[in-house]
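**Student:** predicted model and sequence below, questions to follow.
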Amino acid sequence: MSSISDLPEYRAAAAVSALEADVLVLGGGPSGAWAALTAAAKGARVVLADKGFLGTSGATAAANTTIIHVPPDPALREAAFSRRWANAFEIAERGWIDRVIDATWHNLNRLADWGYPFPTMEDGSSYRGTMRGPDYMRFLRRRLRKAGVTILDQSPALELLVAEGSVAGAAGIDRVSGERWAVRAGAVVLATGGCAFLSKALGTNGLTGDGTLFAAEAGAVFSGMEWSGHYSVSAAFASVTKGIVYFWGTFTDADGNVLAGRDRQSTVAQKLIDGPVYAVLDKASPRIQEGMRKGQPNIFLPFDRMGIDPFTQRFPVTLRYEGTVRGVGGLAIDEDCATSVPGLYAAGDAASRENLVGATSGGGGPNATWAVASGVWAGQTAAAFAARLGRHHASRKARGIGGNGLRPTGTSRDLDTGEIVAAIQREVLPLDKNFFRSERGLTDSLGNLDGLWRDSAAGLVGTGPSIVRARETAAMIATSRLMFASALERRESRGMHRHRDYPTLDPAQSRRLLSGGLDRIWVRPEAGTILKEAIAS
Amino acid sequence: MIELVSAERCTGCNICVSVCPTNVFDAVEDSPPVIARQGDCQTCFMCELYCPVDALYVAHDANLAVAVDELALEDTKVLGSYRKAIGWTADSRPRRASDRSYLLLKPH
């Protein structure tokens, strides 16, 4: 193979481990694991690099999520379709919903055949509609090892490599040893998850939009980035953002007045802007309480350790921001999970999930379902692409394309990533900026974020392991700008995009918004659809 | 956030260093690992699950450090309680199959 010293910036590094693969998967959550498993089953040599540890990384590992497992009975499938369609606000696609549900059905059954311990119901039958994160991811890790996939843990990617107009691998760092790594590959699957801006929503702090930045640097197209106004309730002190338990909750304000409203999430958000909000899970029957205790013990970790009985004692709550994790936007992909860039594929929350959930959060369940289906498809297509290239792919002359945070364009200054992250969070986390959006607020935020981008592009650089945080910082700025630029172009309220200036849904805007860019962000409606403004002009 | 690496219990296997998804611990030769970057802890409790000797304790607060008393944690048997609840200890294995989440999801 051609040596990694083709890449001048790695020549100087103390140590570089250079690997070669047919398919490189970035990200070790469920979608990355499914992509790697599928590519390996197609005969590809697969390397999977994860920022943390495949087994604990990502939003799924720490959680317990529902998943859509519906047998191919026409009536049941129609009902499953209708449940999605009813909340999609005309942004999803019938064909996609059907095929995602079908692919997940088959692959969860394969998981059972491999010996995954799905829970058994009281009648003795197997229940395949929930996945317990720690068990699921530990099982997938073992399966990957068996399949011969090389797993690089604690190995965040820092940038993509490109060769001859295609993505040709990635380079990164082992953040424990400090050793640099590079993997030359025929195809790359981005399974890097969404971006939750270090909000500490459960399991999301590794999800800083790294794949969004990498793909934007490669010129990729995104879709639905305005679907990023999602927050989840947690106890104010806790990380556990598990919405389902609040189905049995009563919310009150400081004076004990019960909060009522058609849209409870918005009611709670509005109240939280004004002052504290409390909850108690007083509507949970003993049977439901048993379901929570025996099914989802992580619900109780913060309560038990705080000494609160959530079924009888009220506790303060907050809304933790979940960005594009439980939001919807991400890389625009075709039905094979190919992005607009040759050699680059996307799976899981790194990809737009509009095809499945439209303008409404994929919460845990639909997103978990999507992770399986998109992971399998991305792995399959990436393996086929690499096979067409043949083994010569590693002799292509590759170069790293990372910019902001890695290769400053001006005099590198010792910018404090902590301060930049706090400045990003001041724009994306507040409920009165991002849960409830407005023309003026979005414009102001975007202006501030553009300024952060310019400053960091010119001067931000990390050394040693801090290079990871520098790139994460750049990734969060890039993601937030795509979000707000897209949100400005959607002059209506629809699903999780709540616009104070345009509080109602406008049927003429039942189309998607594509976006991309780095120094200049562009947003345009998907081809074949017409912007209202365009008609007017 | 992570508050305790019990020197009493820790065997120095450094599994927590390897598995922490946000790289909070640093290994120390001939000693238990240290909590080197507590502010990066996302309070996901995964390290507790992977610790084979229940030497770790993640407190309830995701943002603020909480003072903990190891003796009190021993007394209340909270060390290792999550690993047990989820069925990751030898004697709690049957709990894995008894996930009752479906009670929350089936019509009620």
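**Tutor:** Happy to help now that I have it.
**Student:** ok, A:Arg520 to A:Thr409 distance?
**Tutor:** Using C-beta to C-beta, to the nearest Å, A:Arg520 is found at 15 Å from A:Thr409. For every residue, glycine as well, the C-beta is placed using N, CA and C.
**Student:** and those two? Which one has more around it.
**Tutor:** A:Thr409 (12 against 9; other C-beta atoms under 10 Å in any protein chain shown).
**Student:** hmm, the more buried one is touching A:Ser456, no?
**Tutor:** No - counting by C-beta atoms under 8 Å, A:Thr409 stays clear of A:Ser456, with 10.2 Å between them.
**Student:** pick out the residue nearest the middle of chain B.
**Tutor:** The centre of chain B sits closest to B:Glu48, judged by C-alpha atoms, centre = their mean, with a distance of 1.7 Å.
**Student:** phi, psi of that residue?
**Tutor:** Per-residue torsions, B:Glu48: phi -60, psi -40 (degrees, to the nearest 10).
**Student:** and the gap between it and chain A?
**Tutor:** B:Glu48 sits 9 Å away from chain A, taking C-beta to the nearest C-beta, to the nearest Å as the criterion.
**Student:** that residue reaches B:Tyr82, doesn't it?
**Tutor:** Yes - counting by C-beta under 8 Å, B:Glu48 does reach B:Tyr82; the two are 5.1 Å apart.
**Student:** so A:Asp349, which of the three states?
**Tutor:** helix (DSSP: H, G, I helix; E, B strand; the rest coil).
**Student:** tell me how many other residues surround it.
**Tutor:** The number of residues near A:Asp349, taken as other C-beta under 10 Å, comes to 36.
**Student:** wait, what's in contact with the closest residue to it other than its chain neighbours?
**Tutor:** Nearest-residue entry for A:Asp349: A:Gly194, 3.9 Å, with adjacent residues in sequence omitted and distances by C-beta to C-beta, 6 or more residues apart in numbering or on different chains. Applying C-beta atoms under 8 Å, 6 or more residues apart in numbering or on different chains to A:Gly194 gives the contacts A:59, A:204, A:207, A:209, A:322-327, A:330, A:349-350.
**Student:** again, only using 6 Å
**Tutor:** In this structure, A:Gly194 makes contact with A:207, A:323-325, A:349, judged by C-beta atoms under 6 Å, 6 or more residues apart in numbering or on different chains.
**Student:** low-confidence ranges in the chain?
**Tutor:** Chain wasn't specified; assuming chain A. A:1-16, A:412, A:528-537 (pLDDT under 70).
**Student:** not what I meant, chain B
**Tutor:** B:95-98, B:105-108.
**Student:** write out the residues of it neighbouring chain A.
**Tutor:** For chain B, the residues found near chain A under the criterion C-beta under 6 Å from any C-beta of the partner chain are B:19, B:21-23, B:42-46, B:49, B:60-62, B:82, B:85-86, B:96-104.
**Student:** show the buried residues in those residues.
**Tutor:** B:19, B:21-23, B:42-46, B:49, B:60-62, B:82, B:85-86, B:99-104 (16 or more other C-beta atoms under 10 Å in any protein chain shown).
**Student:** correct me if wrong, but A:Ala168 is in a strand.
**Tutor:** Yes - assessed by three-state DSSP, A:Ala168 belongs to a strand.
**Student:** surely it touches A:Lys397?
**Tutor:** No - look at A:Ala168 against A:Lys397 with C-beta atoms under 6 Å: they stay out of range, at 9.1 Å.
**Student:** which one's more surrounded, those two?
**Tutor:** A:Ala168 (27 against 11).
**Student:** and that one, how close does it get to chain B?
**Tutor:** 28 Å.
**Student:** which residues touch that residue?
**Tutor:** Per C-beta under 6 Å, 6+ apart, neighbours of A:Ala168: A:161-162, A:396, A:398.
**Student:** can you mark which positions in stretch B:20-36 are buried?
**Tutor:** For stretch B:20-36, by 16+ other C-beta under 10 Å, it's B:20-25, B:27, B:32-33, B:35.
**Student:** need the residues of chain A near chain B, please.
**Tutor:** A:52-53, A:56-57, A:62, A:117, A:119-120, A:127, A:130, A:132, A:134, A:175, A:200, A:203, A:205-206, A:237-239, A:287, A:290-291, A:294-297, A:301-302, A:305-306.
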